[in-house]
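Engineer: pasted the sequence and its predicted model underneath.
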Protein chains: 2
Amino acid sequence: MNIGKPTLLLDENKCRKNIRNMVSRAKQNKVDFRPHFKTHQSLEVGSWFSHEGVSKITVSSCEMAHYFSTQWNDITIAFPVNILEINTINNLAAKINLNILLESEQSAGFMVSHAKENLGFFIKIDTGSHRTGLLPENKQTINRILEITTKNKLLEFKGFLSHAGHTYNCNTYNEVRDIYHKNLVILQELKQLYIGQFPNLILSTGDTPSASMLEDYEGVDEIRPGNFVFYDLTQLTIGAANASQIAIAMRCPVVAVHKHRNEVVLYGGGIHFSKEYIDYPGLGKIFGLPVKQNTDGTWGKVVEKACLSKLSQEHGILRAPKEWIDTCNIGDTVFLLPVHACMTVSCMKKYQRVGCNFSNGDKNEIKAMG
Amino acid sequence: MNIGKPTLLLDENKCRKNIRNMVSRAKQNKVDFRPHFKTHQSLEVGSWFSHEGVSKITVSSCEMAHYFSTQWNDITIAFPVNILEINTINNLAAKINLNILLESEQSAGFMVSHAKENLGFFIKIDTGSHRTGLLPENKQTINRILEITTKNKLLEFKGFLSHAGHTYNCNTYNEVRDIYHKNLVILQELKQLYIGQFPNLILSTGDTPSASMLEDYEGVDEIRPGNFVFYDLTQLTIGAANASQIAIAMRCPVVAVHKHRNEVVLYGGGIHFSKEYIDYPGLGKIFGLPVKQNTDGTWGKVVEKACLSKLSQEHGILRAPKEWIDTCNIGDTVFLLPVHACMTVSCMKKYQRVGCNFSNGDKNEIKAMG
């Protein structure tokens, strides 16, 4: 397989294994599974979830809900409802089971007067990440939303939803567990308070770190992790995945070798990887890690003491030990694990499939949204 | 003009003024002008340069050269030649005047045996930014490249090219001037050494900070700034532009207002702005700055003490003083100046035109590459 430009590889075997593993974890924990599709953004990868029996999904925008609505009929848009897209919302709700998120009286009031189709809604609770949602002590607004929304019978309260995104700042099991449990206690208190009035309400939560790391996450009704489908270096540093589970890699041409400073210049920059970085133990600020290439187009272990250390628009600077640089030539390609899979996929918008048997060259390319 | 999603606005008047200003500066300094088109990536914006008499351009990839080759017939790909794209290079060189960059014996040797069309080349010199290029003292490799390339008469040595990208780390006029002069001295020494052998060789340099800030940049033959077409907050902090020159802004819907912590949640995240940030005086790490909206769809001054302080995939968190937050409602839109125009354009891939007279609604959208 020859490439001329930066190319996003997807190891289908690893990816399907990640999917099966999470399906099985959800079953063991007796929770419903509504995976977030903002990571892969692809109908074809989505079909691998259907194959494992998954029937409902989460997305992060109306645009993404629209894209997936051709093949999925139960979608939660896990983003504060954008009232400027009311027409898209009504159109989607006419076609599929759609859930939105409310977290203010203003949005609730708007939806009461504008919803023209059956529409589920969750109240978004801020369990500590402080990005979006109502603070759990703000019962006044929760009550107001529940009161206002009774005025439009098309609106159905589904339950409370949280995203414990602050697990992304963790790097030990105990930290992730503590955040998850605090999140759980908050949600369960709300359930007890409101279950009498809404006997069918559910609790929906779930981020990839807690869904991957905790041996037990009973106590909620539904989980919505997304990143696990590919994992990435962020999940690796949190401890939510090991490198062998990461199912995507960038493949980039070498365009210059600077031996005197142990650097290689790659065609592959911020417009390909995104500018997301992490502080990696022993390496500092990194944008990716190179991995060893297998002869079948897949990849193996991380190259030690090497990293993608700088990115500009199209250039990537790879820093590596002398022994590795000495083996590197212009015209070679380097495989690299990304820091944040969701962002890299958003930049690349398509995949080259590896790690599976296929005979038809056309099927190597897997498209994503947009 | 209504929007439902994050939208990239382009103020045509400001942009055309930036173009005219740089054309005039190049003329005053008696240097050729080969603007870098990686910032706007748009045939239509490119046509505004043609209108000012510009006839040759710079791009950063074969893909971009291909895109612009339908309307431009003199293009330099200012990126170390990617030998894996030799077919694209030969195809382009058959159609237009194409220049590539060489900085190693290996690439030079490859081009000698594979170039099938007339092709200009520059030797890329590292004048201090240490991203790509040959160190100026490495005469051995310069000589080897010049010697090897005589073996294929289709290859023509055009001169020495540098990019003083380290001006991007400056924030005073004196720092930019010092870097520019050091860069100039290096290039001029090379010219003196090789002009006897290559009487037509030229010196090509130019980054937006030095091309915008220095009152005098004679001494080179050609400049290649790109970002000036729009400018951005990075150029503002360097001192290369003032806020009123910035010709693009993101417009984002408000989806939540968190008064208790003076924050607004915007629909507009890392996949729209890119994850590029700067440390801004008095505000810390920022991803954008909000500006006041004019009634005609353009924008005015920066909102004081406010900034885009966090980005996730689709969310942007805007932090602002209480007085401003109090005026903000769900369903409003906020206009924001981007940190790095080139990266934001690469994410958005199209513009909504403002700041000019137009009657045909279809003409409001300006497309960029890809």
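Structural biologist: Yes, it's here.
Engineer: could you point out which element follows the longest strand anywhere in chain A?
Structural biologist: Secondary structure of chain A read by DSSP state E shows that its longest strand is strand A:248-258. On the C-terminal side of strand A:248-258, the closest following helix or strand by DSSP states H and E is strand A:263-267.
Engineer: could you spell out the sheet neighbours of that following strand, each with its direction?
Structural biologist: The strands that strand A:263-267 pairs with in its sheet are strand A:248-258 (antiparallel), strand A:315-319 (antiparallel) (by DSSP bridges).
Engineer: mean neighbour count, distance to residue B:79 and mean pLDDT added to these, as TSV?
Structural biologist: For the C-beta atoms, the positions are set from N, CA and C on the backbone; glycine is no exception. Conversion of these to TSV gives the following (neighbours: other Cβ atoms under 10 Å in any protein chain shown; distance: least, Cβ to Cβ, whole Å; pLDDT from 0 to 100):
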stretch	mean neighbour count	distance to residue B:79	mean pLDDT
strand A:248-258	24	7	98
strand A:315-319	24	7	98
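Engineer: mind putting these into TSV with distance to residue A:282?
Structural biologist: Formatted as TSV, these follow (distance: least, Cβ to Cβ, whole Å):
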stretch	distance to residue A:282
strand A:248-258	21
strand A:315-319	12
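Engineer: buried residues in the top helix by length along chain A?
Structural biologist: Using DSSP state H to assign secondary structure, the helix with the most residues in chain A is helix A:173-194. For helix A:173-194, the neighbour count (16 or more other Cβ atoms under 10 Å in any protein chain shown) marks A:175-177, A:179-180, A:183-184, A:186-187, A:190-191, A:194 as buried.
Engineer: how about those, which pair is most distant?
Structural biologist: Greatest spatial distance in those: A:175 and A:194, 29.6 Å, computed using Cβ to Cβ.
Engineer: surely residue A:38 and residue A:225 touch.
Structural biologist: No: using Cβ atoms under 8 Å, residue A:38 is not in contact with residue A:225, being 11.0 Å away.
Engineer: can you give me the end-to-end span of stretch A:234-249?
Structural biologist: Counting by Cα to Cα, to the nearest Å, the length from the leading to the trailing residue of stretch A:234-249 is 14 Å.
Engineer: now do the buried residues in that stretch.
Structural biologist: Neighbour counts using 16+ other Cβ under 10 Å place A:234-241, A:245-249 of stretch A:234-249 among the buried residues.
Engineer: how about CSV for these, with secondary structure added?
Structural biologist: Output for the buried residues of stretch A:234-249, formatted as CSV (DSSP: H, G, I helix; E, B strand; the rest coil):
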residue, secondary structure
A:234, helix
A:235, helix
A:236, helix
A:237, helix
A:238, helix
A:239, coil
A:240, coil
A:241, coil
A:245, helix
A:246, coil
A:247, coil
A:248, strand
A:249, strand
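Engineer: out of the residues you listed, which one sits closest to residue A:207?
Structural biologist: Closest to residue A:207, out of all of those and judged by Cβ to Cβ, is residue A:240, at 9.1 Å.
Engineer: is it true that the closest one touches residue A:214?
Structural biologist: No: because the distance of 10.1 Å does not satisfy Cβ under 8 Å, residue A:240 is recorded as not touching residue A:214.
Engineer: got any residues that touch both of those two?
Structural biologist: residue A:176 (Cβ atoms under 8 Å, 6 or more residues apart in numbering or on different chains).
Engineer: quick one: is stretch A:26-42 near chain B?
Structural biologist: Yes: judged by Cβ under 8 Å from any Cβ of the partner chain, stretch A:26-42 comes into contact with chain B through residue A:38.
Engineer: just the CA atoms of that stretch, as PDB, please.
Structural biologist: Once side chains and other backbone atoms are set aside, the C-alpha atoms of stretch A:26-42 remain, and they are given as PDB (Å, rounded to 0.1, in the frame of the first residue of the first chain):
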ATOM      1  CA  ALA A  26     -21.900  -2.900  29.600                       C
ATOM      2  CA  LYS A  27     -23.700  -6.300  29.700                       C
ATOM      3  CA  GLN A  28     -21.800  -7.400  32.800                       C
ATOM      4  CA  ASN A  29     -22.600  -4.200  34.600                       C
ATOM      5  CA  LYS A  30     -26.300  -4.400  33.500                       C
ATOM      6  CA  VAL A  31     -26.300  -1.000  32.000                       C
ATOM      7  CA  ASP A  32     -27.700   0.100  28.600                       C
ATOM      8  CA  PHE A  33     -25.000   1.100  26.100                       C
ATOM      9  CA  ARG A  34     -25.400   4.200  24.000                       C
ATOM     10  CA  PRO A  35     -21.900   4.800  22.600                       C
ATOM     11  CA  HIS A  36     -20.900   8.300  21.600                       C
ATOM     12  CA  PHE A  37     -20.200   8.400  17.800                       C
ATOM     13  CA  LYS A  38     -18.300  11.700  17.800                       C
ATOM     14  CA  THR A  39     -15.000   9.900  17.900                       C
ATOM     15  CA  HIS A  40     -15.300   7.800  14.700                       C
ATOM     16  CA  GLN A  41     -17.900   9.900  12.900                       C
ATOM     17  CA  SER A  42     -18.400   7.100  10.300                       C
END
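Engineer: residue A:96: what's it in contact with?
Structural biologist: Listed by Cβ under 8 Å, 6+ apart, the contact partners of residue A:96 are A:69, A:72-75.
Engineer: if we go to 10 Å?
Structural biologist: When contacts are counted by Cβ atoms under 10 Å, 6 or more residues apart in numbering or on different chains, residue A:96 is found next to A:56, A:65, A:68-70, A:72-75, A:117.
Engineer: leaving aside the residues next to it on the chain, what's closest to it?
Structural biologist: Beyond its immediate neighbours in the sequence, the residue positioned closest to residue A:96 (Cβ to Cβ, 6 or more residues apart in numbering or on different chains) is residue A:73, lying 4.2 Å away.
Engineer: show me what contacts the one you found?
Structural biologist: When contacts are counted by Cβ under 10 Å, 6+ apart, residue A:73 is found next to A:55-57, A:95-98.
Engineer: those into JSON lines, with extra columns for secondary structure and pLDDT?
Structural biologist: As requested, the contacts of residue A:73 are exported to JSON lines (DSSP: H, G, I helix; E, B strand; the rest coil; pLDDT from 0 to 100):
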{"residue": "A:55", "secondary structure": "coil", "pLDDT": "98"}
{"residue": "A:56", "secondary structure": "coil", "pLDDT": "98"}
{"residue": "A:57", "secondary structure": "strand", "pLDDT": "98"}
{"residue": "A:95", "secondary structure": "helix", "pLDDT": "98"}
{"residue": "A:96", "secondary structure": "coil", "pLDDT": "98"}
{"residue": "A:97", "secondary structure": "strand", "pLDDT": "98"}
{"residue": "A:98", "secondary structure": "strand", "pLDDT": "98"}
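Engineer: separation between the nearest residue to residue A:356 once chain neighbours are set aside and chain B?
Structural biologist: Distances taken as Cβ to Cβ, 6+ apart place residue A:12 nearest to residue A:356, at 4.0 Å, with adjacent residues excluded. The span separating residue A:12 from chain B equals 24 Å under the rule Cβ to the nearest Cβ, to the nearest Å.
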